[in-house]
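Undergrad: sequence and predicted structure are below.
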Amino acid sequence: MDHDARVQALKSDIRDIPDFPKKGIVFKDITTLLKDPRLFREAMDLFTDLCQRARPQKIVAIESRGFILGSVLADRLGAGFVPVRKKGKLPGGKIAHTYDLEYGTDCLEIHDDALQAGERALVVDDLIATGGTARATGQLARQLGAEVAGYAFLVELSFLNGRDKLDGHVLSLIRY
Ligand code: AMP
């Protein structure tokens, strides 16, 4: 199978859940991929190929589905793993970034010693929608002096133009 056919096959195994977590949102559920060992490996094979060109030293992954892909990716690429978490979850010294949502705000945190100045950081999440979450994460990484080598997503909802919010290279495997 060629690359596009492999991506298409994976796409057909992502489940749409209408009106979750609220009315009008079609949730892209990747648990249907994760539970199948063959599909999970295929997804990680293709995602690793996509991401290796960014030559990251650290994978900066976003809670919580970003952790699933990000930790496997870090191991495969020989990079370190750095979690970015919702407010109040990280135990050590940290910095925070608050950003606007459609209604209200959200806050993400990173340990203040997680990245070193000049280190190449790849921001990873399962999916990019409006781009606000990834943008905030990139800003946290830069605040620690890291170089954002790019942003990588298994799934991109391209009709929401989230990538336009990101200052840097955007990599995505499966697009809607
Ligand atoms: P955003 O900040 O709008 O790009 O939202 C991205 C975050 O919300 C990611 O962590 C996604 O896992 C989650 N997310 C947003 N929209 C969806 C969706 N339609 N299906 C699954 N996850 C979503």
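TA: Structure's in. What do you need?

Undergrad: my read: Leu46 touches Ala9, true?
TA: No - using C-beta atoms under 8 Å, Leu46 is not in contact with Ala9; the gap is 10.1 Å. To be clear about C-beta, it is placed using only N, CA and C from the backbone, and glycine gets the same treatment.

Undergrad: those two: which is more packed in?
TA: Using other C-beta atoms under 10 Å as the criterion, Leu46 and Ala9 rank with Leu46 on top: 17 against 12.

Undergrad: pLDDT value on the more buried one, please?
TA: The model reports Leu46 with a pLDDT of 98.

Undergrad: then the one 3 residues further on?
TA: Asp49 is assigned a pLDDT of 98 by the prediction.

Undergrad: any idea which element it lies in?
TA: Assigned by DSSP states H and E, Asp49 belongs to helix 37-52.

Undergrad: for that helix, name the packing helices and strands.
TA: Here helix 37-52 touches helix 3-11, helix 31-34, helix 65-77, strand 147-156, strand 170-175, going by 3 or more C-beta pairs under 8 Å, 6 or more residues apart in numbering; DSSP states H and E.

Undergrad: tell me the mean pLDDT over the fourth one?
TA: For strand 147-156, the per-residue pLDDT values average out at 98.

Undergrad: contacts for that strand?
TA: For strand 147-156, the external contacting residues (C-beta atoms under 8 Å, 6 or more residues apart in numbering) are 14, 28, 30, 43, 47, 50-51, 54-56, 69, 73, 118-128, 134, 138, 141-142, 162-163, 166-176.

Undergrad: try it again at 7 Å.
TA: By C-beta atoms under 7 Å, 6 or more residues apart in numbering, the surrounding residues in contact with strand 147-156 are 14, 28, 30, 43, 47, 50-51, 54-56, 69, 118-128, 134, 138, 141-142, 166, 168-175.
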